[in-house]
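>>> Got a predicted model here, sequence first, then my questions.
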Amino acid sequence: MSSFGGQMVEYPTISIDRFDRENLRARAYFLSHCHKDHMKGLRAPPLMGLKEAAGCSLKVFLYCSPVTKELLLTSPKYRFWEKRIIAIEVETPTQISLIDEASGEKEEIVVTLLPAGHCPGSVMFLFQGNNGTVLYTGDFRLAKGEAARMELLHSGGRVKDIQSVYLDTTFCDPRFYQIPSREECLSGILELVGGWINRSPYHVVWLNCKAAYGYEYLFTNLSEQFGVQVHVDKLDMFRNMPDILHHLTTDRGTQIHACRHPKAEEYFQGNKLPCGMTSRNRIPLHTISIKPSTMWFGERTRKTNVIVRTGESSYRACFSFHSSYSEIKDFLSYICPVNAYANVIPVGTTVDKVTEILKPLCRSSQSTEPKYKPLGKLKRARTAHLDSEEEDDDLFDDPPPVPLRHKVPSQQALHPEVFSMTAISQNQPENPRQSTGCYKEENMQTPILANFVDCQESNSESEDELGISAPLQGHTDPVTLRQQKTDVDVPQWEVFFKRNDEITDDGLENFHSSTEAGASQSPKLFSDSDGESTHISSQNSSQSTHISEQGSQGWDSQADTVLLTSQERNCNDTTSLNKGGFRPRIKGNIAASQLEQNVLCPKDTYSDSKSRAQDVNIVPGIGEPTTLSSGKNTPEEKWLQNPSTKADSQSSSDFEIPSTPDAELPKQEHLQFLYEKLATGENVIAGRKKKAHS
DNA sequence: GCGATCAGCT
DNA sequence: CACAGCTGATCGC
């Protein structure tokens, strides 16, 4: 549960994820995602009433991602926000004017939404303004190395100089040292579900999910894998997100259920699904329940189970919306801000304890004593020591800095006070000042913004449609920008790779030593408190398991209850995860023909297209049947939707392929074509990936 | 009657 | 395990 008060010390005139008390005076509101604990006060009339009474009603807006806006406005309770909510595209730096109603005082701030991997529409907010650059993470789940792959966290080839991070510390406790990756968890669930529903049409599973956004990628992957839509109570919130919608149904006659009922557990005991189903064609159903819950690895315990049997027909499956302790540490130590603030104080711990963990990963504590850094860490250390020398980086970390790729400005129908700007206006790679990593570089929007307006306007015309060959020299000219982006997108991902590979290829023990960047992170911090708590035990191990042939391998003392362990599993089915639901594409409406396509592809067809997608690797997610972002796919997006920890060594190879000489790269024209389609908001999915070009 | 808060439950 | 969020009890306005 978020305990963030809503305000950041650097920018106290804006409020994030809190809409009550002192936040009522905010000049702008931000919502990171659509979970209730981040929406406190959002539905309260006082918020509107006060604003109205103060005559500010026309000037104060709520900013969020397009998906969050869609989800929020679906609920009648929040529909009154409709006229005052502004969606900002992810990864599109956008300037907002913060105006004080009383004095007329105006402050400019640039906000960039970065995907947070927590639930559909969830984002982090990167704010840049006169008081420095700050990052509010909201709730997030990012695998190791993902921050390093976020283009807009970087400037001049290195991580931006961030003053403060307001961090999701939900699992910032050594007890949650490591949580199996999304791939591992998904893979385990797929195997369990498949092993059951393939027995007969009367074998059904009930996914005992909490009422929250965040399970969508599970549903979509199950649906794709087995050609079975998932029964849910409501799906109208996804009406404009076909990539999710197509995998859901309100028809109870399906083998996978995620419906809910207050007495669901009771129902289940009586062999009844929450929706009331007990039989099909008068033949009784055979039902198992799968309850997603968070399980984790200790740093020494090699085996923890992704699936645990808890009863004759009950299972728990590992699932987490939040980053683990080690993922949090990886994230924070990479960002290496001056300050880090905990947004969450988990029960059983204290602010002090969390702060103790965060502090060594921040800059202040790293600048004092020189210490050994593992090779891949130099980039990080460099951020701390701004005066360190170039050759360090060149030797150990990344290839020489290359121009980062930049978002093409998108045409957004935003409030006049708001307009999007390309990243170029803030971190022009060819600007020599940027390469110093100097703090001040981040805070000079004002003069640049003036230039940008022109770019934006000219970019809206058709002139930017004609890019073909791509000059690699950077220009601020929008035409060039687009070409540059297109050309450079894929191959340059190795810029941020090394660290990730190094870490994820390590075993757990090695991993441990190689990621302890902050020297003051004493091993005992987690090894002591960890102890026995890491082994997941079953509550009921006596029954024979339904699918014992899948599970027990004889290596676990709880063989009859433990079905799958993350380590033993070969998680080779990670590609489908990228359809994950975290960044759904939004459509204005759904064509009837598409709704009819609701018929799911047979499994073999599906696998076929999957393997092809993997080969092609790029043009990320375009035309993929499930979730993609709205019109602006970039390689990291594919990455994000396919996050991993343990499976990284496999996953990352997807991105290394294009950089190898004989790898099959996408055709330039093809990419260009797709990007243009996406930029103009055309529906690329209609043609499907393979046919989009024809 | 409504909102805020908390305990309980899942 | 803890999550996200519901239900219901209590309190204050």
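That came through fine.

>>> which intervals of chain A have sub-threshold pLDDT?
Low-confidence segments of chain A, defined by pLDDT under 70, are located at A:45-58, A:300-304, A:366-583, A:588-694.

>>> For burial, what's the neighbour tally of the closest residue to DNA strand C within it?
With Cβ to the nearest atom of the strand, the shortest gap between chain A and DNA strand C falls at A:Ala212, namely 2.9 Å. Every residue, glycine included, has its C-beta placed from N, CA and C. Using other Cβ atoms under 10 Å, A:Ala212 has 14 neighbouring residues.

>>> for A:Ser324, same thing?
By other Cβ under 10 Å, 27 other residues sit near A:Ser324.

>>> distance of the residue of chain A closest to DNA strand C from A:Pro274?
16 Å (Cβ to Cβ, to the nearest Å).

>>> again with A:Glu22
41 Å.

>>> Neighbour count for these two, which is higher?
Neighbours per residue (other Cβ under 10 Å) separate A:Glu22 from A:Pro274, with A:Pro274 holding more: 23 against 12.

>>> Report the residue ranges of every domain in chain A.
Here the domain parsing of chain A from the TED database is A:7-176+A:326-361, A:182-319.

>>> end to end, how far does the last one reach?
Pointing back at domain A:182-319 there. 7 Å (Cα to Cα, to the nearest Å).

>>> Could you check the strand or helix carrying A:Tyr341 against DNA strand C for contacts?
Per DSSP states H and E: A:Tyr341 is located in strand A:339-342. No - Strand A:339-342 lies out of reach of DNA strand C by Cβ under 7 Å from any atom of the strand, never closer than 11.7 Å.

>>> Which elements pack onto the following helix or strand past that strand?
Downstream of strand A:339-342, the next assigned helix or strand under DSSP H and E is helix A:351-358. In terms of contacts (3 or more Cβ pairs under 8 Å, 6 or more residues apart in numbering; DSSP states H and E), helix A:351-358 is packed against strand A:339-342.

>>> who does the strand it packs on pair up with?
Each strand paired with strand A:339-342, and its direction, by DSSP bridges: strand A:164-167 (parallel).

>>> does DNA strand C sit close to the following helix or strand past the partner strand?
On the C-terminal side of strand A:164-167, the nearest following helix or strand under DSSP H and E is helix A:182-197. No - judged by Cβ under 7 Å from any atom of the strand, helix A:182-197 and DNA strand C are separated, with a smallest distance of 12.5 Å.

>>> List the contacts of the residue in the stretch 1-150 of chain A that DNA strand B sits nearest to.
Proximity of the stretch 1-150 of chain A to DNA strand B (Cβ to the nearest atom of the strand) peaks at A:Ala44, 4.5 Å away. Contacts here follow Cβ atoms under 8 Å, 6 or more residues apart in numbering; on that basis A:Ala44 touches A:19-20.

>>> Then A:Trp206?
Neighbour list for A:Trp206: A:257-259, A:264, A:268, A:273-274, A:287-290 [criterion: Cβ under 8 Å, 6+ apart].

>>> With secondary structure and distance to A:Ser326 as extra columns, can I get the residues you listed in CSV?
Shown next, in CSV, are these (DSSP: H, G, I helix; E, B strand; the rest coil; distance: Cβ to Cβ, whole Å):
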residue, secondary structure, distance to A:Ser326
A:His257, strand, 34
A:Ala258, coil, 30
A:Cys259, coil, 35
A:Ala264, helix, 34
A:Phe268, helix, 35
A:Leu273, coil, 37
A:Pro274, coil, 36
A:Thr287, strand, 36
A:Ile288, strand, 32
A:Ser289, strand, 30
A:Ile290, strand, 26
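
>>> The residues you listed also near DNA strand B: which ones?
Answer for the contacts of A:Trp206 near DNA strand B (Cβ under 7 Å from any atom of the strand): A:Ala264.

>>> Generate a PyMOL selection restricted to the buried subset of the contacts of A:Trp206.
Applying 16 or more other Cβ atoms under 10 Å to these, the buried members can be selected in PyMOL as follows:
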select buried, chain A and resi 257+258+259+264+268+273+274+287+288+289+290
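
>>> I'd like to know which elements the top strand by length along chain A is packed against.
Longest strand in chain A by number of residues, with DSSP state E as the criterion: strand A:106-115. With contacts defined as 3+ Cβ pairs under 8 Å, 6+ apart, the packing partners of strand A:106-115 are strand A:94-99, strand A:123-129, helix A:445-459.

>>> sorry, back to before: tell me the two of the contacts of A:Trp206 that are most distant?
A:Cys259 and A:Ile288 (14.9 Å; Cβ to Cβ).

>>> In the helix or strand hosting A:Asp330, which residues are buried?
Using DSSP H and E, A:Asp330 sits in helix A:325-335. Within helix A:325-335, the residues that count as buried by 16+ other Cβ under 10 Å are A:325-335.

>>> so who does the residue lying closest to A:Pro346 once chain neighbours are set aside touch?
Excluding its sequence neighbours, the residue lying closest to A:Pro346 (Cβ to Cβ, 6 or more residues apart in numbering) is A:Asp173, at 5.6 Å. A:Asp173 is in contact with A:325, A:346, A:348-349, A:353-354, counting by Cβ under 8 Å, 6+ apart.

>>> Just put these in CSV and tack on distance to A:Phe80.
Listed next are those as CSV, based on distance: Cβ to Cβ, whole Å:
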residue, distance to A:Phe80
A:Tyr325, 40
A:Pro346, 34
A:Gly348, 38
A:Thr349, 38
A:Lys353, 41
A:Val354, 36
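
>>> sorry, back to before: who's in contact with the residue of chain A closest to DNA strand C?
So A:Ala212 contacts A:35, A:119, A:321 (Cβ under 8 Å, 6+ apart).

>>> if we can go back for a sec, which among the contacts of A:Trp206 gets closest to A:Leu192?
Scanning the contacts of A:Trp206 for proximity to A:Leu192, where the rule is Cβ to Cβ, the winner is A:Ile290, at 6.6 Å.

>>> who touches the closest one in this structure?
A:Ile290 is in contact with A:189, A:192-193, A:205-208, A:315-317, counting by Cβ under 8 Å, 6+ apart.

>>> The contacts of A:Ala212 in helices, which ones?
Of the contacts of A:Ala212, none are assigned to helices by DSSP state H.

>>> Are any of the residues you listed buried, and if so which?
Buried subset of the contacts of A:Ala212 (neighbour count, 16+ other Cβ under 10 Å): A:35, A:119, A:321.

>>> count of neighbours near A:Asp20?
Neighbours of A:Asp20 (other Cβ under 10 Å): 15.

>>> dump the residue contacts of the nearest residue to it once chain neighbours are set aside.
Distance criterion Cβ to Cβ, 6+ apart; nearest residue to A:Asp20, sequence neighbours excluded, is A:Gly41 at 3.1 Å. A:Gly41 makes contact with A:18-21, A:23-24, A:47, according to Cβ under 8 Å, 6+ apart.

>>> and the helix or strand harbouring A:Lys69 with strand A:123-129, angle?
A:Lys69 is part of helix A:66-74, with elements assigned from DSSP H and E. Counting by axes from the mean of the first three to the mean of the last three Cα atoms, to 10 degrees, helix A:66-74 lies at 110 degrees to strand A:123-129.

>>> Taking strand A:106-115 as reference, get the angle to helix A:66-74.
Using the same axes, to 10 degrees: helix A:66-74 against strand A:106-115 is 100 degrees.

>>> any residue of helix A:66-74 up close to DNA strand C?
No - Helix A:66-74 does not reach DNA strand C (Cβ under 7 Å from any atom of the strand); its nearest approach is 9.8 Å.

>>> Give me the helices and strands touching that helix, please.
When contacts are defined as 3+ Cβ pairs under 8 Å, 6+ apart, helix A:66-74 packs onto strand A:85-87.

>>> How about the residues of the stretch 151-300 of chain A by DNA strand C?
Within reach of DNA strand C by Cβ under 7 Å from any atom of the strand, the stretch 151-300 of chain A has these residues: A:170, A:210-214, A:262, A:293-296.

>>> are any of the residues you listed buried, and which?
A:170, A:213-214, A:294-296.

>>> out of the residues you listed, who's nearest A:Glu82?
Using Cβ to Cβ, these come closest to A:Glu82 at A:Tyr213, 19.5 Å.
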